[in-house]
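Trainee: Return atomic coordinates for the entry below.
(chains A and B)
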Amino acid sequence: MRSLIDLLMLFFKIGLFTFGGGYAMLPLLRDEVVIRRRFLSEEELLDLYSIGQCTPGIIAVNVATFIGYRQKGVWGAAFATLGMILPSLIIICLIAAVLSRYMHNRYVAYAFAGIRICVVALIADIVYGLWKKNVSGYQSMAIFVGALILLGVFNLSAVWIVVLAALVALGMGEIRRYKKK
Amino acid sequence: MIYLLLFYEFFKIGLFAIGGGLVTVPFLFDLSASYGWFSAKELADMIAIAESTPGPLGVNMATYAGYNSAGLLGAVIATLGLVTPSVIVIILVAKLMNKYQCNSRVQTVLSGIRPAVLALILFAGLQIAKLSLADLLSGMVFAILLASIHFWKKSPIFYLCISAVLGIVLQL
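Mentor: Next up is the predicted model:
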């Protein structure tokens, strides 16, 4: 029971400090589940994002469910997910009920401008670290650059990018396998 | 029975919205057109509030839409509806992963996907950068934050709090 409550508290904290989508949550998640608690390796966390990207539902929830399930089975999944959605439920209901006029306050807007800059810096640092570990050699470089072009120029949906990268890797892997024989 | 309807509609959104939280927005426009639970203008406010409050965007949207349509219980039920498909699908996927993780083809595919996901993360960062790095001052704050994050590894929560204070003090 204790570890279930721990999972709930952990994802409550992550939900509380996530501004924006699932990607904004990555720095926090990495700090908690990779560095502090060692639930997952850095690579496994990236794999979770690709799974979250291609499966139905919000990425942040998918990632929370997955980690919860890994740690404590179905109940772990339920408690982690509950932790993830509780801050939203509490805060949004408060805002909808009473606080909506404060959202237009100047100082609130300044604070959020600062937070957004910080989110960009946190993401930049993570991309740099993960780049050093996971992008080496022509194939991974080509996939990385190709994905960026497809995203930025052709506006391709993230689902297709993940599916295409999987197909390219699988195809190249089969070719290498064939050559070895 | 509005609660059942809310659960059903948000379950559908959870099931079909593949990808980030903003993917839910077109579905919510459909909802506002077909049920009149909230107007398109209210939806625009909802997006602004969901973006600037803690919590994943998609969950915030569901909570807000549910609250607007049927009060507190509506908020809870819409949110549960949204996450139920995730919980079911992810548990199935996790079971399969445990079985096949050591397969070498699965490993090949995963190592190919990682650079692509990295590109997705970088792209998401660039989108936020376009909105937030508008002038020299914000650029300098960014550079200082980035350097301290890289060399002086504190918890991200620490930096988020500091940058909120910086935002107010410097009127970013």
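
Trainee: Mind telling me what element residue 131 is part of?
Mentor: Going with chain A. Secondary structure from DSSP states H and E places residue A:131 in helix A:106-134.

Trainee: The chain in question should be chain B.
Mentor: According to DSSP H and E, residue B:131 maps onto helix B:104-132.

Trainee: got the buried residues for the helix or strand that the helix holding residue A:131 is followed by?
Mentor: On the C-terminal side of helix A:106-134, the closest following helix or strand by DSSP H and E is helix A:137-152. Within helix A:137-152, the residues that qualify as buried by neighbour count (16 or more other CB atoms under 10 Å in any protein chain shown) are A:139-140, A:143-144, A:146-148, A:150-151. Glycine gets a C-beta too; all of them are placed from N, C-alpha and C.

Trainee: then helix A:137-152 to PDB, C-alphas only?
Mentor: What follows is helix A:137-152, C-alpha atoms only, in PDB (Å, rounded to 0.1, in the frame of the first residue of the first chain):
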ATOM      1  CA  GLY A 137      26.500   6.800 -36.900                       C
ATOM      2  CA  TYR A 138      24.800   7.600 -40.200                       C
ATOM      3  CA  GLN A 139      21.600   5.800 -39.600                       C
ATOM      4  CA  SER A 140      20.500   7.400 -36.400                       C
ATOM      5  CA  MET A 141      21.700  10.800 -37.700                       C
ATOM      6  CA  ALA A 142      19.700  10.400 -40.900                       C
ATOM      7  CA  ILE A 143      16.600   9.400 -38.900                       C
ATOM      8  CA  PHE A 144      17.000  12.400 -36.600                       C
ATOM      9  CA  VAL A 145      17.400  14.900 -39.400                       C
ATOM     10  CA  GLY A 146      14.700  13.200 -41.500                       C
ATOM     11  CA  ALA A 147      12.300  13.300 -38.600                       C
ATOM     12  CA  LEU A 148      13.000  17.100 -38.000                       C
ATOM     13  CA  ILE A 149      12.400  17.800 -41.700                       C
ATOM     14  CA  LEU A 150       9.200  15.800 -41.900                       C
ATOM     15  CA  LEU A 151       7.900  17.600 -38.800                       C
ATOM     16  CA  GLY A 152       9.000  21.100 -39.600                       C
END
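
Trainee: And it, what does it pack against?
Mentor: When contacts are defined as 3 or more CB pairs under 8 Å, 6 or more residues apart in numbering or on different chains; DSSP states H and E, helix A:137-152 sits against helix A:158-180, helix B:104-132.

Trainee: winner for burial among the ones you listed?
Mentor: Among those, ranked by average contacts under mean count of other CB atoms under 10 Å in any protein chain shown, first place goes to helix B:104-132 (a mean of 20).

Trainee: Now do that helix: which elements does it pack against?
Mentor: Packing contacts for helix B:104-132, counted by 3+ CB pairs under 8 Å, 6+ apart, involve helix A:42-54, helix A:106-134, helix A:137-152, helix A:158-180.

Trainee: Give me the distance between that helix and the centre of its chain.
Mentor: Centre-to-centre, helix B:104-132 and its host chain are 16 Å apart (CA atoms, centre = their mean, to the nearest Å).

Trainee: Can you confirm whether the helix or strand following it lies near chain A?
Mentor: Next helix or strand after helix B:104-132 toward the C-terminus (DSSP H and E): helix B:136-151. Yes. Applying CB under 8 Å from any CB of the partner chain, one finds that helix B:136-151 is in contact with chain A at B:138, B:141-142, B:145-146, B:149-150.

Trainee: hang on, the earlier thing: quick one, the helix holding residue A:131 and helix B:136-151 angle?
Mentor: Orientation check (axes from the mean of the first three to the mean of the last three CA atoms, to 10 degrees): helix A:106-134 against helix B:136-151 gives 40 degrees.

Trainee: Can you report how many residues lie near residue B:168?
Mentor: Residues near residue B:168, counting by other CB atoms under 10 Å in any protein chain shown, number 18.

Trainee: how close does it sit to chain A?
Mentor: Note on residue B:168: its distance to chain A, by CB to the nearest CB, to the nearest Å, is 5 Å.

Trainee: What sits closest to that residue if chain neighbours are left out?
Mentor: Once flanking residues are discounted, residue B:168 sits nearest to residue A:110: 4.7 Å by CB to CB, 6 or more residues apart in numbering or on different chains.

Trainee: Isn't that neighbour up against residue B:167?
Mentor: Yes. Taking CB atoms under 8 Å as the definition, residue A:110 is a contact partner of residue B:167 at 4.5 Å.

Trainee: More neighbours: which of the two?
Mentor: Higher neighbour count among residue A:110 and residue B:167: residue B:167, with 25 against 19, using other CB under 10 Å.

Trainee: And the residue lying farthest from the centre of chain B, how far from residue B:94?
Mentor: What lies farthest from the middle of chain B is residue B:104; by CA atoms, centre = their mean that is 32.3 Å. To residue B:94, residue B:104 is 20 Å away according to CB to CB, to the nearest Å.

Trainee: go on, residue B:45?
Mentor: Distance of residue B:45 to residue B:94, given as CB to CB: 37 Å.

Trainee: Between these two, point out the one with more neighbours.
Mentor: residue B:94 (21 against 15).

Trainee: so where's chain A uncertain?
Mentor: Where chain A drops to pLDDT under 70, the residues are A:21, A:99-103.

Trainee: what does the domain assignment say about it?
Mentor: A:2-134, A:135-181 (automatic domain parsing).
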